[in-house]
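Enquirer: Build me a structure from this.
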Amino acid sequence: MGLLTPLAVRIGAIPWMPRLLPQIVWVDEHLQQWSGHRVSVLDLAGLPNLMLTVPGRKTGLPRATPLLCVPFEGDQLVAGSYFGGPKLPVWVINLRAAGTAEVRMGRRSWRVTAHEAAPGPERDRLWEAMIEVWPNYRLYEQKTDRLIPVFRLSPESPVAA
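Expert: Numbering: from 1, shown residues only. Okay, the predicted model is just below:
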């Protein structure tokens, strides 16, 4: 965690913040482009993050999404929270269809197998680990009627640069 993490958590808890998601994504895309993919908005906030690339289930084209992640027992955890919105993020639907993806953290990339946690004790354990890093997941959980999916991304092999 970084010096700005507590501020990021407070800003992330503001009820109207999800409305700014398109602007945040725009800033993040330009910041990453400008920095040669070395810095993201989540980096500035001191939060662990990755770029998840999954083929679109209809087009097969690679779709990249920056996500907050939680390192966990050699894997990475990600959640399809979408700020507690009513719909699933498209990357979740694509990841469910593909079962595998590419992860990039900084300049390193590797293939992962995605395991979606089923409701129950294992998902609860992973969810608690995620809340330790980003407490606002609890707010998102309260805002939505859907169960927020949690994925455990396990490394397969490095991807050639």
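Enquirer: and the residue nearest the centre of the chain, what is it in contact with?
Expert: Nearest to the geometric centre of the chain sits Leu67, at 2.6 Å (CA atoms, centre = their mean). By CB atoms under 8 Å, 6 or more residues apart in numbering, Leu67 lies in contact with Asn49, Leu50, Met51, Leu52, Val78, Trp91. Quick note: C-beta positions are derived from backbone N, CA and C, even for glycine.
Enquirer: Is the last one in a helix, a strand, or coil?
Expert: Read it as Trp91. helix (DSSP: H, G, I helix; E, B strand; the rest coil).
Enquirer: Now do the same contact list for the spatially closest residue to it that is not a sequence neighbour.
Expert: In space, and not counting its chain neighbours, Trp91 is closest to Thr65: 4.5 Å by CB to CB, 6 or more residues apart in numbering. When contacts are counted by CB under 8 Å, 6+ apart, Thr65 touches Met51, Leu52, Thr53, Val54, Pro89, Trp91.
Enquirer: Report the contact partners of the fifth one.
Expert: Residues in contact with Pro89, defined by CB under 8 Å, 6+ apart, are Thr65, Gly80, Ser81, Tyr82.
Enquirer: now for those, which pair is the farthest apart?
Expert: Thr65 and Ser81 (12.5 Å; CB to CB).
Enquirer: was I right about Leu95 contacting Pro55?
Expert: No. Counting by CB atoms under 8 Å, Leu95 does not reach Pro55; the two are 9.7 Å apart.
Enquirer: With neighbour numbers in mind, choose between the two.
Expert: Leu95 (26 against 17; other CB atoms under 10 Å).
Enquirer: now the more buried one: how far from Phe83?
Expert: 18 Å (CB to CB, to the nearest Å).
Enquirer: Kindly confirm my reading that Leu52 is in a strand.
Expert: Yes. Under three-state DSSP, Leu52 falls within a strand.
Enquirer: Tell me if I'm right that it and Leu95 touch.
Expert: Yes. Assessed by CB under 8 Å, Leu52 is found in contact with Leu95 at 7.4 Å.
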